[in-house]
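> This is a predicted model, with the sequence first.
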Amino acid sequence: MLINGKWIDVKPGTFHFSPMNRVHATRNTGKEHLVIFSIFTPSMKEPDRYFVDMK
C-alpha cells in the first residue's frame, strides 16, 4: 500500500486506517489474487474517488 508517499508491504490480516483527504493506493505485487475489504464512513461519494497512474 502507498501510505504517506511510501510503499509498504501488507500481509493477510493487515488493517489500515486512512483518514479523510489522505492519498493512499494499493497494488498487488504477489502471484495470487488480492482481496480487499473496505469500509468507508461516512460513505464515499463517487466524486471523491480519483485514480492516479503510479507507474
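Nice, I can see it.
> for the residue sitting furthest away from the middle of the chain, helix, strand, or coil?
In the chain, counting by CA atoms, centre = their mean, Lys31 sits farthest out from the average C-alpha position, at 18.4 Å. At Lys31 the chain is in coil, as set by DSSP: H, G, I helix; E, B strand; the rest coil.
> doesn't Met1 make contact with Trp7?
Yes - Trp7 is within contact range of Met1, at 7.3 Å (criterion: CB atoms under 8 Å). C-beta: built from backbone N, CA, C; applies to glycine.
> Between the two, which is the more surrounded one?
Legend: neighbour count by other CB atoms under 10 Å for Trp7 and Met1, higher for Met1 (15 against 11).
> check contacts around the more buried one.
Shown in contact with Met1 (CB atoms under 8 Å, 6 or more residues apart in numbering): Trp7, Ile8, Val10, His16, His24, Ala25, Thr26.
> Confidence-wise, which of the residues you listed comes last?
Within those, pLDDT reaches its minimum at His24, with 82.
> Least confident secondary structure element in this structure?
Across the helices and strands of the chain, mean confidence by mean pLDDT, DSSP states H and E is lowest for strand 24-25: a mean of 84.
> chain center to that one: distance?
Offset of strand 24-25 from its chain centre (CA atoms, centre = their mean, to the nearest Å): 4 Å.
> what packs against it?
For strand 24-25, the elements it packs on are strand 2-3, judged by 3 or more CB pairs under 8 Å, 6 or more residues apart in numbering; DSSP states H and E.
> Reduced to three states, what does Ile39 come out as?
Secondary structure of Ile39, per three-state DSSP, is coil.
> Scan the contacts of Met1 and report the most crowded one.
Within the contacts of Met1, neighbour counts (other CB under 10 Å) peak at Val10, which reaches 14 neighbours.
> is it true that that one touches His16?
Yes - the criterion here is CB under 8 Å, and Val10 meets it with His16 at 7.0 Å.
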